[in-house]
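Chemist: dropping a prediction and its sequence here:
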Amino acid sequence: MNIKFAFPIAAALALSSTLALAHGDEEHAVARKYEASKVEPTDFGQEGNPGKVTKTVKVDMTDNMRFTPAAVKVRRGDTVKFVVHNDGKVLHEMVLGTRQAIQAHAALMKKFPEMEHADSNMAHVKPGRSGEIVWQFTKAGEFQFACLQPGHYEAGMVGKVVVK
Ligand SMILES: [Cu+2]
């Protein structure tokens with residue numbers, strides 16, 4: 001089961017017991033298949049078509065709890081392929097969203113550390129591996145990407161995407 005960022009937090013909390021059982025495998029999250037009919041618009045854009053990528057951005061994640069780069073600029077309409085590499089020795093992830101959604105999600109992860117989640121706006125990456133997110137930024141604004149592994153967001157593992 002996927003948890004949508006647009007989801008009200010109360011609904012997400014109500015679902016959390018179900019989510020704990022629905023194990024999202026990291027390998028599957030990486031090998032996600034794009035289906036145009038399943039794309040849902042959000043406040044920060046939508047899943048991008050891997051065949052229509054207009055910009056590729058490489059992002060490194062480390063056990064210092066940092067993303068490099070920590071700030072990315074794109075143009076509205078861009079379909080961005082984030083190639084996310086984990087340089088660390090522990091699991092990291094890149095989750096895209098609005099600042100509010102990231103904060104709500106981080107709070108939820110803190111409460112339910114075992115909560116599994118997999119969706120088009122996130123990539124869980126094992127140590128030494130790479131993952132991908134293909135995302136179309138359909139709205140201007142400032143958004144975030146963060147690692148929501150317990151404690152990582154609080155330690156500063158967060159970056160921003162500015163869409164102009
Ligand atoms: Cu992390």
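Modeler: All right, it came through fine.

Chemist: CA atoms for contacts and neighbours, from now on please.
Modeler: Fine.

Chemist: residue of the chain closest to the ion, please.
Modeler: With CA to the ion as the measure, the residue in the chain that lies nearest the ion is residue 92; the distance is 3.7 Å.

Chemist: which residues does that residue contact?
Modeler: In this structure, residue 92 makes contact with 61, 86, 124-127, 147-149, judged by CA atoms under 8 Å, 6 or more residues apart in numbering.

Chemist: one more time with 10 Å
Modeler: By CA atoms under 10 Å, 6 or more residues apart in numbering, the contact set of residue 92 is 61-63, 65, 84-86, 123-127, 146-150, 152, 157.

Chemist: with residue 142 instead?
Modeler: 44, 72-73, 97-99, 160-164.

Chemist: looking at these, which are in strands?
Modeler: Using DSSP state E, the subset of these located in strands is 72-73, 97, 160-163.

Chemist: looking at those, point me to the pair that's furthest apart.
Modeler: 73 and 97 (14.8 Å; CA to CA).

Chemist: can you show me the CA trace of stretch 57-69 as PDB?
Modeler: Listed in PDB are the C-alpha atoms of stretch 57-69, where the atom choice follows Å, rounded to 0.1, in the frame of the first residue of the first chain:
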ATOM      1  CA  VAL A  57      20.400  15.600 -11.500                       C
ATOM      2  CA  LYS A  58      22.900  13.500  -9.600                       C
ATOM      3  CA  VAL A  59      22.500  13.500  -5.800                       C
ATOM      4  CA  ASP A  60      24.800  11.900  -3.300                       C
ATOM      5  CA  MET A  61      23.700  10.800   0.200                       C
ATOM      6  CA  THR A  62      26.200  10.200   3.000                       C
ATOM      7  CA  ASP A  63      26.200   9.100   6.600                       C
ATOM      8  CA  ASN A  64      27.000  12.700   7.500                       C
ATOM      9  CA  MET A  65      23.300  13.100   7.000                       C
ATOM     10  CA  ARG A  66      23.700  15.400   4.000                       C
ATOM     11  CA  PHE A  67      22.600  15.500   0.400                       C
ATOM     12  CA  THR A  68      25.000  16.900  -2.200                       C
ATOM     13  CA  PRO A  69      23.800  19.100  -3.800                       C
END
